[in-house]
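> For reference, the sequence and a predicted model appear below.
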Amino acid sequence: MSQSLSNVIVHLVFSTKDRLPHLNDQNIREQMHAELGGTSKTLNCPPIIVGGVEDHIHLLARQSRTITLSDWVKELKRVTSIWIKDKSQQFNTFAWQSGYVAFSVSQSQLSKVIQYIQQQEEHHRKTDFKTEFRAFLNRHEIEYDEWYVWD
């Protein structure tokens, strides 16, 4: 085959440092989601949907064949940290947590994950981030050390 093709769909989740509610303003949150999506697109990882609440984000995108997962996330965090700090001095202390989680998503489950991300605000009225995160890790059989997950 002379052409390289892929359809690797990734669901990224990461939070603000110490899960501080830096994104509690709806307008700033929507702008952050747009920045994350735009940055991802620039990295040839076209976003499908970006969502989240005041202390974490969910980004669903097709990963490029030309960038590693860790470099993709590193650049997303770097660019958006600079962007939000330039918005206002109130964000001088903004930071993303150092870690992240990434899940593969099959094409057959795509609509289900999109719907889940669209309903983040409603979902988090009932479930906090730590409970959600642990459930994801357990469902995907990802071993983790509780001590290091919550930086």
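Perfect, thanks for sending it.
> contacts, neighbours, all on C-alpha from now
Fine.
> In the protein, where is pLDDT below threshold?
Low-confidence segments of the chain (pLDDT under 70): 1, 151.
> so what secondary structure elements neighbour the longest helix seen in it?
The single longest helix within the chain, with elements called by DSSP state H, is helix 69-87. Secondary-structure packing of helix 69-87 (3 or more C-alpha pairs under 8 Å, 6 or more residues apart in numbering; DSSP states H and E): helix 26-42.
> Would you map the strands across this protein?
For the chain, the strands defined by DSSP state E cover 9-15, 47-53, 56-62, 101-105.
> hey, which of those strands is tucked in deepest?
Mean neighbour count (mean count of other C-alpha atoms under 10 Å) peaks for strand 56-62 among the strands of the chain, with a mean of 23.
> how close does N27 get to E146?
When C-alpha to C-alpha, to the nearest Å is the yardstick, N27 and E146 sit 33 Å from each other.
> Apologies, that question was intended for A102.
A102 sits 17 Å away from E146, going by C-alpha to C-alpha.
> and what of Q90?
Looking at Q90 against E146, where the rule is C-alpha to C-alpha, the gap reads 31 Å.
> more neighbours, the two?
Comparing Q90 with E146 by neighbour count (other C-alpha atoms under 10 Å), the higher total belongs to Q90, at 11 against 8.
> one step back: hmm, who's touching the longest helix of the chain?
With contact meaning C-alpha atoms under 8 Å, 6 or more residues apart in numbering, helix 69-87 is reached by 32, 35-36, 39-40, 43, 63, 91-96, 100.
> are any of those buried, and which?
The neighbour-count test (16 or more other C-alpha atoms under 10 Å) marks M32, E35, L36, T39, S40, L43, Q63, F91, F94, A95, W96 as buried among those.
> and of these, the nearest to S106?
The nearest member of those to S106, counting by C-alpha to C-alpha, is Q63 at 12.8 Å.
> Just give the nearest non-adjacent residue to that closest one, would you?
Closest residue to Q63 apart from its sequence neighbours, by C-alpha to C-alpha, 6 or more residues apart in numbering: C45 at 4.7 Å.
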